[in-house]
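[1] Dropping a prediction and its sequence here:
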Amino acid sequence: MPFHRISQWTGGFFEDTSLTKIGLEIHLSHQGKPCPEVTDDWYDTDDEGDNFAEGDNFAEGQWVPLVNDPRTTTVVDTSGVHSLMIRFCRCASALGPDMQLFEIGLFPASFTSPNTVFTFAVLDDFLLDNLECGMSAMNYYSKLRQITSSVFPHLVPDRYRELMRVGRQWRQLKQLKWHGFGHEKQKPKAGELALFCPACPQPRVNVNLAERNVSNPAWLYSRSLVMDGNFKAEHMFPANLTDEVALTDGLGFMDIVHWSDCNNHRAVNQANASHHNLEATGIGGCACARHGCFVPHSMVDFQKGERQMNMDYALCQALGYNTDGIDRALTFYDINCQYHKHLHQWVEESPYLDLPWGMEVIPGIGLWHVHSHQDKCYIWYASNFITGAARIDGEIMETLWAPLNIISLLARGMSTPHRKECLDFQMSDCNFMKMIQMSKFLCQKFKEAVQGVRDSQHAFDQLSETADDDTLVKWEAEAAAAQDDRLENPSTIDIYEVKMTKAPTRKQQELHLLTRQARWPASEIHCGAATWLASGITLEEAQVALLIDVKKLGRRPTDAQKLAIAQRRNRLQGQIDEFVRVAVTFLSDQLDEYDKLDLMTMMLDAAELDSAGSSSDDPDRLDDEDRYDTPVKFTPKTLVIPLPSNIGIERCANLVLQEISLREGQANDALHAIRVNLADKAVLFHTTVRSAKSQARSTCAWAWVHLVDKILHLNVQMYSKCRSQLVHLSANDLLVKLRPLEKADLKATTVVADPNARGQRNSTLAWFWSIDVQGDSTSNDWMNEFYHVHWLRTLALRDRWAEELLLVGWEMIWTVDFFLHKSQQWVGRMQEADANQKQAQDSFERTKGMARVAE
């Protein structure tokens with residue numbers, strides 16, 4: 001098509017002009033020749049004689065190369081906006097004007113009397129910019145106006161609204177063409193204008209379940225789904241519902257739009273709208289958990305947040321898409337621990353929801369989100385312990401929102417059908433890109449699976465070498481039984497967690513005392529004493545923390561460090577003063593003796609300071625110089641807290657038992673923190689420090705070690721202070737269990753980092769590692785349980801990698817079968833189209849023959 005621009009010499013310079021002004025005409029039909037039925041003559045548009053009707057204007061501006069003639073047609077192309085003289089064929093057998101334009105690659109803005117047309121190239125370019133760059137129709141047409149006239153773009157005819165309308169129609173035609181409905185007369189059904197994952201098993205597409213091998217595991221033909229919501233895909237409420245026209249409603253990924261037909265029921269349509277005039281607060285839905293393909297007709301809008309009823313509908317639609325004969329599904333959702341509890345009940349009670357008959361739905365939580373749940377949720381819902389899950393993280397949908405958000409913000413103010421069409425197009429392109437790269441993706445997954453099977457099997461064999469056969473048989477039976485009963489009784493999966501009965505914490509002890517106050521005689525306890533004693537213990541911990549930080553300042557602290565310490569000192573002093581003021585309520589006369597303690601200072605024993613050890617407690621290297629080996633006086637105006645352990649048990653006997661109980665909880669908290677930090681420190685040495693191959697990596701690794709060591713040192717001092725107070729309280733029975741900490745106890749040894757490593761079978765841990773084990777702690781049951789759980793987890797890791805290798809191999813086969821199925825579909829359409837064309841040609845020849853006979 002002649003859409004290039006020309007310049008005309010005016011005698012002094014070249015001026016942009018139009019091809020129309022030099023007599024260009026585009027004749028439709030007749031192979032570009034004029035139609036004999038068209039009789040009006042062409043005239044020179046530069047001639048301003050009497051041949052033109054009154055009011056004709058041929059140029060809006062001197063520098064705009066357009067012709068403003070009502071007989072010209074505005075043509076929008078990638079090269080800009082043009083005014084061309086297009087002559088339609090007016091023969092009796094001629095097609096309509098719109099069809100004549102379609103034949104030469106022009107899309108009319110109106111199908112009756114088109115005055116504006118868009119080239120197919122500009123519509124393709126607009127959809128591509130909208131898809132990849134998130135460019136709106138307004139911005140795109142502004143670009144075309146700039147291309148047409150960079151000096152006066154505002155004088156170029158505005159066809160922005162026409163572009164929006166034609167762009168939607170073009171997008172719909174593209175979808176119908178790509179999915180084969182250009183060759184078929186029937187209308188598409190829900191979800192048929194969408195592509196799905198070629199590597200997932202789809203009966204009658206890439207899997208024939210009637211021919212499957214009975215030797216294959218039952219989990220092989222499972223549908224794996226991940227569910228999630230996206231709250232950036234908001235949508236404003238439409239201004240005029242009567243203007244809403246849906247072209248592909250419910251045929252792609254998004255759900256069908258339902259509007260009330262009665263104007264008086266507009267409140268019904270707005271009932272679910274949230275604040276700020278939002279018709280939808282986001283979208284949610286399902287995708288293939290292994291390959292990240294959106295499931296057709298399973299995306300829904302949210303109203304007032306991520307409501308479970310919306311996700312119920314999305315899940316039911318996803319589980320019903322091409323799953324005939326599949327009886328097992330894995331679903332990963334951030335809140336599956338709560339969502340799945342009543343899922344079947346909600347589905348049964350709703351007349352609009354339905355799950356495939358006989359399908360077993362196994363819940364899971366993504367590996368990133370599960371760590372923010374309770375500890376038991378990791379064992380119950382992590383994919384590491386689900387048979388048939390293979391190597392899957394359950395978080396792939398988080399990566400799908402990023403490309404979708406390119407269009408989500410742009411679609412916020414669109415009409416409801418237009419927004420859903422844009423989202424459908426974006427999701428369809430996302431699935432298409434996954435599809436064409438599936439072979440490369442599966443090859444990479446296969447290489448990883450082969451390596452993973454080799455490594456996990458080696459680790460499992462090493463662990464199994466140190467256990468007797470009877471024990472291994474018993475543990476394997478436990479794992480199999482737990483997997484079989486996980487749906488009916490999720491607690492059976494607890495075998496993958498170390499069973500330790502946690503000692504009561506200080507908060508638990510305080511809560512226990514408060515609940516028992518009502519049953520204790522008033523002469524034995526003061527109401528509120530437990531809370532008051534707990535606050536005093538907290539103040540002591542703050543004193544210890546401040547002392548350590550003061551010691552770390554060194555000899556030349558900065559002004560900022562001095563100011564921070566002074567502010568903490570003042571806050572602590574105020575809290576102590578308030579504590580002493582309230583102490584009168586509980587100590588009364590005994591508080592008079594407290595004045596004698598004003599000049600006392602707190603000393604941390606040098607042995608206690610030494611007990612934290614050095615940051616270099618690497619099992620395989622010598623200790624560095626201890627950073628905490630100098631006794632320091634506690635100078636920042638610290639008074640001895642008026643607690644029974646400081647004042648004397650003979651003067652406040654009615655508070656002693658409560659403080660002992662709280663001190664026991666404090667010691668348990670400190671020991672738990674010590675265990676956690678020692679384990680972290682050992683793992684850092686085992687996995688980070690030793691593997692550091694450069695100075696930068698080594699420095700970074702040791703920085704992490706020093707940070708953990710700082711926290712460890714603080715908790716050691718907390719425990720030492722707590723134990724010394726228990727000595728003052730004469731808690732002899734408790735002191736038998738809570739022994740003094742030795743420096744050797746605080747080594748980050750290999751037995752902590754890798755208890756199953758060679759040479760560690762007979763190694764023992766410090767006494768506090770078994771203090772939380774239920775029953776008698778004289779034997780080292782914790783290590784046996786730790787080994788048991790470690791073996792079970794390694795077994796699960798080996799099984800998941802083996803499942804991954806098997807599943808990837810089948811996914812390769814399913815992918816090939818998927819493309820073969822699609823190719824057969826298109827070959828069938830081609831053959832049907834050829835047959836229809838031949839039939840039409842034969843009919844035309846017969847008609848011509850009959851016409852000759854009639855003549």
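    Noted; the coordinates are in hand. All values reported here derive from a predicted model rather than from experimental measurement.
[2] Find the residue ranges of the stretch 751-855 of the chain scoring beneath the pLDDT cut-off.
    Across the stretch 751-855 of the chain, the ranges flagged by pLDDT under 70 are 751-786, 838-855.
[3] residue boundaries of the helices in the stretch 151-300 of the chain?
    For the stretch 151-300 of the chain, helices defined by DSSP state H, counting those that start in this stretch occupy the ranges 160-178, 266-269.
[4] Please convert the ones you listed to CSV, extending it with distance to residue 284.
    Bear in mind the C-beta positions are built from the backbone N, C-alpha and C, glycine included. Formatted as CSV, the helices of the stretch 151-300 of the chain follow (distance: least, CB to CB, whole Å):
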stretch, distance to residue 284
helix 160-178, 23
helix 266-269, 20
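[5] Which residues are in contact with residue 537?
    Contact analysis of residue 537 by CB atoms under 8 Å, 6 or more residues apart in numbering lists 506, 643, 659, 662-663, 666.
[6] Just name the closest of these to residue 153, please.
    Nearest to residue 153 among the contacts of residue 537: residue 506, at 72.2 Å, using CB to CB.
[7] picking up where we left off before, wait, which of the helices of the stretch 151-300 of the chain is closest to residue 356?
    Closest to residue 356 of the helices of the stretch 151-300 of the chain, according to CB to CB: helix 160-178, at 27.1 Å.
[8] any idea which of the helices of the stretch 151-300 of the chain is most buried?
    Mean neighbour counts were compared across the helices of the stretch 151-300 of the chain using mean count of other CB atoms under 10 Å; the top stretch is helix 160-178, at a mean of 18.
[9] Distance from the chain centre to it, please.
    Taking CA atoms, centre = their mean, to the nearest Å, the mean C-alpha location of helix 160-178 is offset from the chain mean by 31 Å.
[10] From the contacts of residue 537, which land in helices?
    Among those, the ones falling in helices (DSSP state H) are 506, 659, 662-663, 666.
[11] buried subset of these?
    506, 659, 662-663, 666 (16 or more other CB atoms under 10 Å).
[12] Take these and lay them out in TSV including pLDDT.
    TSV is the format used below for those (pLDDT from 0 to 100):
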residue	pLDDT
506	64
659	85
662	87
663	85
666	86
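[13] hmm, which two among these are most spread apart?
    Comparing all pairs in those by CB to CB, the longest separation belongs to 506 and 659, at 11.1 Å.
[14] thinking residue 482 is in contact with residue 491, fair?
    No. With contacts counted by CB atoms under 8 Å, residue 482 stays clear of residue 491, the gap being 9.3 Å.
[15] more neighbours, these two?
    residue 482 (21 against 12; other CB atoms under 10 Å).
[16] Contact partners for the more buried one?
    492-493, 495-496.
[17] Export these to a markdown table and append columns for pLDDT.
    Output for the contacts of residue 482, formatted as a markdown table (pLDDT from 0 to 100):
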| residue | pLDDT |
| --- | --- |
| 492 | 83 |
| 493 | 83 |
| 495 | 83 |
| 496 | 80 |
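[18] Return the member of these nearest to residue 323.
    Closest approach between the contacts of residue 482 and residue 323, by CB to CB: residue 493, at 26.1 Å.
[19] I'd say the closest one and residue 484 touch.
    No. Residue 493 lies out of contact with residue 484 (CB under 8 Å); the separation is 11.1 Å.
[20] These two: which has the busier surroundings?
    Ranked by neighbour count (other CB under 10 Å), residue 493 and residue 484 place residue 493 first, with 21 against 12.
[21] In contact with that one, which residues?
    Going by CB under 8 Å, 6+ apart, residue 493 touches 379-380, 385, 482, 486.
[22] out of these, which are buried?
    Buried by 16+ other CB under 10 Å: 379-380, 385, 482, 486, out of the contacts of residue 493.
[23] Count the residues that sit near residue 815.
    When neighbours are defined as other CB under 10 Å, residue 815 has 21 of them.
[24] check contacts around it.
    For residue 815, the contact set (CB under 8 Å, 6+ apart) comprises 198-199, 206, 438-439, 442.
[25] buried subset of those residues?
    By 16+ other CB under 10 Å, the contacts of residue 815 give 198-199, 206, 438, 442 as buried.
[26] Need the worst-confidence member of those.
    Of all the buried ones among the contacts of residue 815, residue 206 carries the smallest pLDDT score, 91.
[27] Now do the phi/psi pair for that residue.
    Backbone geometry at residue 206, expressed as degrees, to the nearest 10, gives phi -130, psi 10.
[28] Quick check: the gap between it and residue 155.
    56 Å (CB to CB, to the nearest Å).
[29] which residues touch residue 740?
    Taking CB under 8 Å, 6+ apart, we find residue 740 in contact with 720, 723.
[30] Just the pLDDT for it.
    pLDDT, read off for residue 740, is 88.
[31] what's the answer for residue 286, then?
    Confidence at residue 286, expressed as pLDDT, is 94.
[32] ok, it to residue 427 distance?
    12 Å.
[33] And residue 534, by the same measure?
    According to CB to CB, residue 534 stands 55 Å off from residue 427.
[34] Comparing these two, which residue is more hemmed in?
    residue 427 (26 against 21).
[35] For that one, pull up the helix or strand it's in.
    Per DSSP states H and E, residue 427 falls inside helix 416-436.
[36] Check which residues of that helix are buried.
    Going by neighbour count (16+ other CB under 10 Å), the buried part of helix 416-436 is 416-431, 434-435.
[37] Pick out the residue nearest the middle of this structure.
    The chain has residue 398 as the residue nearest its centroid, 2.7 Å off, counting by CA atoms, centre = their mean.
[38] Could you pull up phi and psi at that residue?
    Main-chain dihedrals, residue 398, degrees, to the nearest 10: phi -60, psi -30.
[39] Excluding chain neighbours, what is closest to it?
    residue 228 (6.7 Å; CB to CB, 6 or more residues apart in numbering).
[40] from what I can see that neighbour touches residue 397, true?
    Yes. Counting by CB under 8 Å, residue 228 touches residue 397, with 4.2 Å between them.
[41] Pull up the overlap in contacts between these two.
    Counting by CB under 8 Å, 6+ apart, the shared contacts of residue 228 and residue 397 are residue 287.
[42] C-terminal to the least confident helix or strand in the chain by mean pLDDT, which secondary structure element comes first?
    Counting by mean pLDDT, DSSP states H and E, the chain has its least confident helix or strand at helix 606-610, which shows a mean of 36. Remark: after helix 606-610, the chain's next helix or strand is helix 644-647, criterion DSSP H and E.
[43] I'd like the mean pLDDT over that next one, please.
    Across helix 644-647, the average pLDDT comes to 81.
[44] how far out from the middle of the chain is it?
    53 Å.
[45] CA atoms only for it - export them in PDB, please.
    Taking C-alpha atoms only, helix 644-647 is exported to PDB below (Å, rounded to 0.1, in the frame of the first residue of the first chain):
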ATOM      1  CA  PRO A 644      13.200 -11.800  96.500                       C
ATOM      2  CA  SER A 645      16.400 -13.200  95.100                       C
ATOM      3  CA  ASN A 646      18.100  -9.900  95.800                       C
ATOM      4  CA  ILE A 647      16.400  -8.800  99.100                       C
END
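[46] Which strands and helices lie in contact with that helix?
    Helix 644-647 sits against helix 653-684, helix 695-728, with contacts defined as 3 or more CB pairs under 8 Å, 6 or more residues apart in numbering; DSSP states H and E.
[47] redo that, cut-off 10 Å
    Contacts defined by 3 or more CB pairs under 10 Å, 6 or more residues apart in numbering; DSSP states H and E place helix 644-647 against helix 529-552, helix 559-587, helix 653-684, helix 695-728.
[48] mind listing what's buried in the longest one?
    Applying a neighbour-count criterion of 16+ other CB under 10 Å, one finds 701-702, 705, 708-710, 712-723, 725-726, 728 buried in helix 695-728.
[49] Ok, stretch 137-147 next?
    Neighbour-count burial for stretch 137-147 flags 137, 140-145, 147 (criterion: 16+ other CB under 10 Å).
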